[in-house]
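In: Attaching a predicted model along with its sequence, questions to come.
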Amino acid sequence: MSLRRILGSLGAVVAIAAAVFLYTLHPAKSSDHQDTFNLATRSNTSADITDMYAFPSPANPANVVLVMNTTPLILPGAGTTKFFDPSVVWQFKFVHGPVGSFSGEDQVIQISVSGTGAGQTFTLHGPGSPIQVGTTNTLLPKIGTFKYNQTGGTALPNGIMAFAGPRADPFFFDLLQFFSFLGDRNYHNHTSQSDPGTGDTPTGALTFNGFTAGTTAGPGAVGGNNACSTVPAQNALTQLMPPGFNVLSFVLEVPRSLLTTGYSSSVVHMWGTASSASGS
Amino acid sequence: MRKNSILNALTLGGLALSLSACGGSNNPSTPVNHTSYVQFERLARPAVKELFETFVNHQVTNGVEPYNDPTLQGSIIAFTNTFRASTYGAALGGAPGGTAGVLYPDELAFDLSQTTPASYLGIETGGATSPSGSKFGGRALSDDVIDISLGAVFGNTLSALGVVADDGKENNCLTTDNVTQSSTQAPTSTFPYLAAPH
């Protein structure tokens, strides 16, 4: 809250300095950026998955593109100095069926990594039926390998085009205004993962910023029919650190047939996980 | 007979070696990794854990399957009902309707039979979250997932679809954060589609 006031009153130059302060001393989370102490305080934060995407390939309609972004809040200019944690395995997990299915994964794609620095090599396993369903898994047979930050992608034997490396974070949100009325979600407001802190109950003016004058919450709104804030809204992912933060991305362009052949439904439900031998 | 058995064994063994050498999936030079990996991070839909669930409970959710989460479904209902009528979050146990019925299990759904663009929550809402009515679902790199999510929780997105009755408690100040994707974040038309790092 105090940081928001500072940013609002001192302008862009101070906003950049404040963002550095926010990043280095009091990490903040957004879509899923730094959502536990464990993920935020690891020496390598690539186990922290920030966002997942799935969309038809702009280049080939027969393919679907799957994206898993990790490693939140990489400063501008620092993208190629960040690498993946070799102790971690990342998985795209899928279950086929109608909306509302409550079943375990029936197909997985797994990515492991070896080496350190810009010479890292990634191994893709799958897609295939999981050896184990649930939260403890072993790896499927290797399909192929690809290198760090090959922006043209690497074509693998099963038709998947793969990439792993730094990209601009596409997520956008007025993070600081969200924190102003739901402080619990700010990692900075807790002393440990088990510290309940304060702020779980929404407080203060329940409003985002950027509304035109005269806009009100509405007659039935909880907390009253207050006026909405006209303070300029702010995309924290770019305006706190222009031109914006980066992430480490896994991008897989996958033939649709690899995710549908042999399954009774074309509807796929996907989630991402990060795992390690120690489970932490 | 014995000779035939030996020949058969040699032939089958040779065939197995040939197959594994030709295919990329069983490289004989790569030792099989029998390590068990234990999950400690999980993510699917944007802003679900972050909006609905207390920070303390994130650790729990990160270690379990999305279809077997002991805290998230109740958190969605409890948080929604802080702002809405008591029925708006819907019932536990996977009952359809309400925010919990739409957002639990926390999995990103997409329909590979659809050729239309990605549209966050496009399947769950019958295309209502997409300007073009797309039912592909998934999530595009430029989808305004925050406004879509806020509309479902604080606006009338779900009641307009008949997913839940209109309770008259919409909050106009919370249905959008009034930010758009910066041009520096905009996706590209060529692989890997995310903008180059800054």
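Out: Here it is on my side, so go on. Numbers count the residues shown, from 1 in each chain, chains lettered A, B, ... in the order given.
In: tell me, what residue is most central in chain B?
Out: What sits nearest the mean C-alpha location of chain B, by Cα atoms, centre = their mean, is B:Leu108, with 2.0 Å.
In: what do you get for chain A?
Out: A:Thr50 (1.2 Å).
In: buried ones in the one helix or strand it maps to?
Out: In the assignment (DSSP states H and E), A:Thr50 maps to strand A:49-56. Across strand A:49-56, burial judged by 16 or more other Cβ atoms under 10 Å in any protein chain shown covers A:Ile49, A:Thr50, A:Asp51, A:Met52, A:Tyr53, A:Ala54, A:Phe55, A:Pro56. C-beta: built from backbone N, CA, C; applies to glycine.
In: Show me which of these is closest to A:Phe211.
Out: Taking Cβ to Cβ as the measure, A:Asp51 is the one of the buried residues of strand A:49-56 closest to A:Phe211, at 26.4 Å.
In: Just give the number of residues close to the residue nearest to that closest one when sequence neighbours are not counted.
Out: Residue nearest to A:Asp51 in three dimensions, not counting chain neighbours: A:Asn69, with 4.7 Å by Cβ to Cβ, 6 or more residues apart in numbering or on different chains. A:Asn69 is flanked by 28 other residues according to other Cβ atoms under 10 Å in any protein chain shown.
In: cool, the one 10 residues further on as well?
Out: A:Gly79 sits with 23 neighbouring residues when counted by other Cβ under 10 Å.
In: give me every residue that touches it.
Out: A:Gly165, A:Pro166, A:Arg167, A:Asn246, A:Leu248, B:Pro197, B:His198 (Cβ atoms under 8 Å, 6 or more residues apart in numbering or on different chains).
In: any idea how far B:Leu194 is from it?
Out: According to Cβ to Cβ, to the nearest Å, A:Gly79 stands 11 Å off from B:Leu194.
In: joint contacts of the two?
Out: Counting by Cβ under 8 Å, 6+ apart, the residues touching both A:Gly79 and B:Leu194 are A:Arg167.
In: going on from the host helix or strand of A:Ala164, what's the next piece of helix or strand?
Out: Taking DSSP H and E as the criterion, A:Ala164 maps to strand A:161-168. Counting by DSSP H and E, the next helix or strand C-terminal to strand A:161-168 is helix A:175-181.
In: So which residues of chain A form strands?
Out: A:49-56, A:63-74, A:88-96, A:107-114, A:121-128, A:136-137, A:142-147, A:154-155, A:161-168, A:246-255, A:267-276 (DSSP state E).
In: biggest strand in chain B, by residue count?
Out: If you go by DSSP E, chain B has its longest strand at strand B:37-43.
In: quick revisit: tell me the pLDDT at the residue nearest to the centre of chain A?
Out: Looking at A:Thr50, its pLDDT stands at 95.
In: Can you verify my assumption that it contacts A:Pro72?
Out: Yes - taking Cβ atoms under 8 Å as the definition, A:Thr50 is a contact partner of A:Pro72 at 4.9 Å.
In: how far off strand A:267-276 does the strand holding A:Thr50 point, in degrees?
Out: 150 degrees (axes from the mean of the first three to the mean of the last three Cα atoms, to 10 degrees).
In: and strand A:49-56, what does it pack onto?
Out: strand A:63-74, strand A:267-276, strand B:37-43, strand B:108-111 (3 or more Cβ pairs under 8 Å, 6 or more residues apart in numbering or on different chains; DSSP states H and E).
In: so which of the ones you listed comes closest to A:Tyr187?
Out: A:Tyr187 lies closest, by Cβ to Cβ, to one member of these: strand A:63-74, at 10.8 Å.
In: Quick one: mean pLDDT for that closest one?
Out: 97.
In: May I have it exported as PDB, CA atoms only?
Out: The C-alpha trace of strand A:63-74 is given here as PDB (Å, rounded to 0.1, in the frame of the first residue of the first chain):
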ATOM      1  CA  ASN A  63      -0.700 -28.000 -34.700                       C
ATOM      2  CA  VAL A  64      -1.400 -26.700 -31.300                       C
ATOM      3  CA  VAL A  65       1.100 -24.600 -29.300                       C
ATOM      4  CA  LEU A  66       1.700 -25.300 -25.600                       C
ATOM      5  CA  VAL A  67       3.600 -22.900 -23.400                       C
ATOM      6  CA  MET A  68       4.800 -23.100 -19.900                       C
ATOM      7  CA  ASN A  69       6.400 -20.000 -18.500                       C
ATOM      8  CA  THR A  70       8.700 -20.100 -15.500                       C
ATOM      9  CA  THR A  71      11.200 -18.000 -13.500                       C
ATOM     10  CA  PRO A  72       9.200 -14.800 -12.800                       C
ATOM     11  CA  LEU A  73      10.400 -11.200 -12.900                       C
ATOM     12  CA  ILE A  74      13.600 -11.500 -14.800                       C
END
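In: report the angle between the axes of that strand and strand A:161-168?
Out: Using the same axes, to 10 degrees, strand A:63-74 lies at 30 degrees relative to strand A:161-168.
In: for strand A:63-74, packing partners?
Out: strand A:49-56, strand A:88-96, strand A:161-168, strand A:246-255, helix A:256-260, strand A:267-276.
In: mind running it again at 6 Å?
Out: Here strand A:63-74 touches strand A:49-56, strand A:246-255, going by 3 or more Cβ pairs under 6 Å, 6 or more residues apart in numbering or on different chains; DSSP states H and E.
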